[in-house]
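In: okay, predicted coordinates and the sequence, questions at the end:
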Amino acid sequence: MLRANHHARETDALLPSASRRLSFAAPQVREKYLIAALSVLTLVALLAPALPASAWHTPHFVDTRTWLGLHNAGDVLSNLAFLAMGVWGLVRLRARNDAPVGARFLFVGLILTCIGSSIYHLEPDAPQRLVADRLGMAVAFAGFLGIAAGERVSVRAGQAVVVLVTVAGLLAAWVARENLTPWVVVQFGGMALAVGLALTPPRPGALGVPFGGVIFFYALAKLFELGDVTIFEATGHIVSGHTLKHLAAALAAWPVIRALRPVATGPAPSPR
């Protein structure tokens, strides 16, 4: 009898990780708060009054100059910053086995944003092209929120957020052709959620992504966007605010990439 009990304890000790993977533990306190916040955002997106796309102001970007036959060259070429940061991030991921949940979505989303935003800015008066721009942004935003949830709440929370926000963001980007409310909730409600997560202490074992830097560059991008004409005039028509918006938004990925820098390894011990 004692031998059988001893054998059972040894078996349990050998398979702790498998049992944890197969079990569905009750939500932790932070997970409950996250579920509540996501539920509120979902209800707002579904029940808030519709904001018709036709009632929203049509963007008229100030810098329409052509360069080497490329229309709106400043706003188009500045999207290459998203491509550069996305590729840089994916390269960093190859050397890390402890990358936070959502990192790959973030960097792939940046590359998609480069493609979609370039397509849109080549002919910004075509509203259907705006869908391509928003689809890439939705994937990148889902990746960022997944990283934040994984770093501040739990790994499984990050995984769930990546899936939920990706689906919600893609649907909202598509529905925004008629109703902008879901997209506004995804963009601004999601950023409010990111701020809340940034103010939450990191969970044990987190990589330590500095979310304050991400939020700073995102807010800076919004300010550049609002000051499109003002910045264009202030710089003597050198650069527009919207062009700088793309550069600042791409730099929002830099704190994540910096956190993924290769781990320094010491020299191998010499044989004695």
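Out: Thanks, I have the structure now. Residues are numbered from 1 along each chain as shown.
In: show me where this protein has helices.
Out: 2-14, 16-22, 29-47, 73-77, 80-94, 103-122, 129-152, 155-175, 181-184, 190-198, 211-226, 228-234, 241-251, 254-259 (DSSP state H).
In: for the stretch 1-150 of the chain, which spans come out with low pLDDT?
Out: 1-24, 55-59 (pLDDT under 70).
In: residue 62: which of the helices of the chain is closest?
Out: Residue 62 lies closest to helix 228-234 among these, at 4.7 Å (Cβ to Cβ). C-beta coordinates here come from the backbone N, C-alpha and C atoms, glycine included.
In: what does that closest one rub up against?
Out: 61, 62, 63, 224, 239, 240, 241, 242, 244, 245 (Cβ atoms under 8 Å, 6 or more residues apart in numbering).
In: quick one: the helices of the chain as a markdown table, columns for distance to residue 67 and mean neighbour count too.
Out: Output for the helices of the chain, formatted as a markdown table (distance: least, Cβ to Cβ, whole Å; neighbours: other Cβ atoms under 10 Å):
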| stretch | distance to residue 67 | mean neighbour count |
| --- | --- | --- |
| helix 2-14 | 65 | 9 |
| helix 16-22 | 54 | 9 |
| helix 29-47 | 40 | 14 |
| helix 73-77 | 4 | 20 |
| helix 80-94 | 13 | 18 |
| helix 103-122 | 13 | 23 |
| helix 129-152 | 20 | 25 |
| helix 155-175 | 29 | 20 |
| helix 181-184 | 31 | 21 |
| helix 190-198 | 33 | 18 |
| helix 211-226 | 20 | 17 |
| helix 228-234 | 15 | 16 |
| helix 241-251 | 12 | 23 |
| helix 254-259 | 27 | 19 |
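In: would you list those helices in TSV and tack on distance to residue 205?
Out: Shown next, in TSV, are the helices of the chain (distance: least, Cβ to Cβ, whole Å):
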stretch	distance to residue 205
helix 2-14	21
helix 16-22	14
helix 29-47	14
helix 73-77	41
helix 80-94	18
helix 103-122	16
helix 129-152	10
helix 155-175	9
helix 181-184	34
helix 190-198	16
helix 211-226	17
helix 228-234	42
helix 241-251	27
helix 254-259	14
